[in-house]
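> Prediction below, plus the sequence it came from.
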Amino acid sequence: DLPLAARGIYANSSNADLLVSLHFDGSTSRGDRGVSVITSVLPEYQMVDLANMVCSSLSAKTGLSIKGVIQRKDNAGYYWNAEKQWDCQDPSLGTLSDYYGIPTWCAKFGIGSILIEHGFFTNDGDAAIIFSEGMMDKMAEADAEAIINYYTNHTHTYTSDYIQDFPSNCMFQGKKSIHCTTC
């Protein structure tokens, strides 16, 4: 029940590499269906490979169709400033930021994030699968397997120097870390 900003702050205080937010989707169109994963529009925080792995894993374990990876730019006039690692309303300072709060707040702390939509409650076919016996366990296993495969299916090579995860500002103490160049 944490507000979106508090989730990013908590992930940072936990020294998280990734924030995963679990959801079920809904729509005014009963035809909308399938699993999707939302990730950042910002190149340094896009988790597209992981998002695709989660979609594939969920579809294989549950039979739900794949809606796909979703990235959505902000429509309220907030622009990402990489130097300040913050959103601002001056378009000359950066590119359009994320629409969704989880990627927005995680990026401020140099943390990748994904929002997993495990199908549509508002689609009769998806709902029948979602509410079937044992499906929540299958979904949890699919999510976990994709994340484990993403982080372990390669040889880890690390940056030689600490990279600025986010700079200090008037609200938060900055942080530097060493990162795997792949994950």
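All right, it came through fine. Just so it is clear, the model here is predicted, and its values are computed rather than measured.
> Could you check how far the helix or strand of the chain with the lowest mean pLDDT is from the centre of its chain?
The helix or strand of the chain with the lowest confidence, counting by mean pLDDT, DSSP states H and E, is strand 163-166 at a mean of 75. Relative to the mean C-alpha coordinate of its chain, strand 163-166 is positioned 19 Å out (Cα atoms, centre = their mean, to the nearest Å).
> Identify the residues contacting it?
Strand 163-166 has contacts (Cβ atoms under 8 Å, 6 or more residues apart in numbering) with 12, 85, 108-111, 172, 174-179. To be clear about C-beta, it is placed using only N, CA and C from the backbone, and glycine gets the same treatment.
> Now, of those, which are buried?
For these, a burial check counting by 16 or more other Cβ atoms under 10 Å picks out Asn12, Gln85, Lys108, Phe109, Gly110, Ile111, Phe172, Lys175.
> Just give me the closest of the residues you listed to Ser36.
Ile111 (20.6 Å; Cβ to Cβ).
> Find me the pLDDT at the closest one, would you?
Per-residue pLDDT puts Ile111 at 92.
> And it, how far from Thr95?
Remark: distance between Ile111 and Thr95 (Cβ to Cβ, to the nearest Å) = 19 Å.
> try Ile70
In terms of Cβ to Cβ, Ile70 sits 18 Å off from Thr95.
> cool, and Phe109?
19 Å.
> show me the contacts for the most centrally placed residue in the chain.
Here the mean C-alpha position of the chain is nearest to the C-alpha of Ile114 (Cα atoms, centre = their mean), at a distance of 1.5 Å. Ile114 sits next to Leu18, Leu19, Val20, Ser21, Val37, Ile38, Thr39, Met47, Leu50, Ala51, Val54 when contact means Cβ under 8 Å, 6+ apart.
> again, only using 7 Å
Val20, Val37, Ile38, Thr39, Met47, Leu50, Ala51, Val54 (Cβ atoms under 7 Å, 6 or more residues apart in numbering).
> quick one: Met171 is in a helix?
No - assigned with DSSP: H, G, I helix; E, B strand; the rest coil, Met171 falls outside any helix and is coil.
> which ones are touching it?
Met171 neighbours (Cβ under 7 Å, 6+ apart): none.
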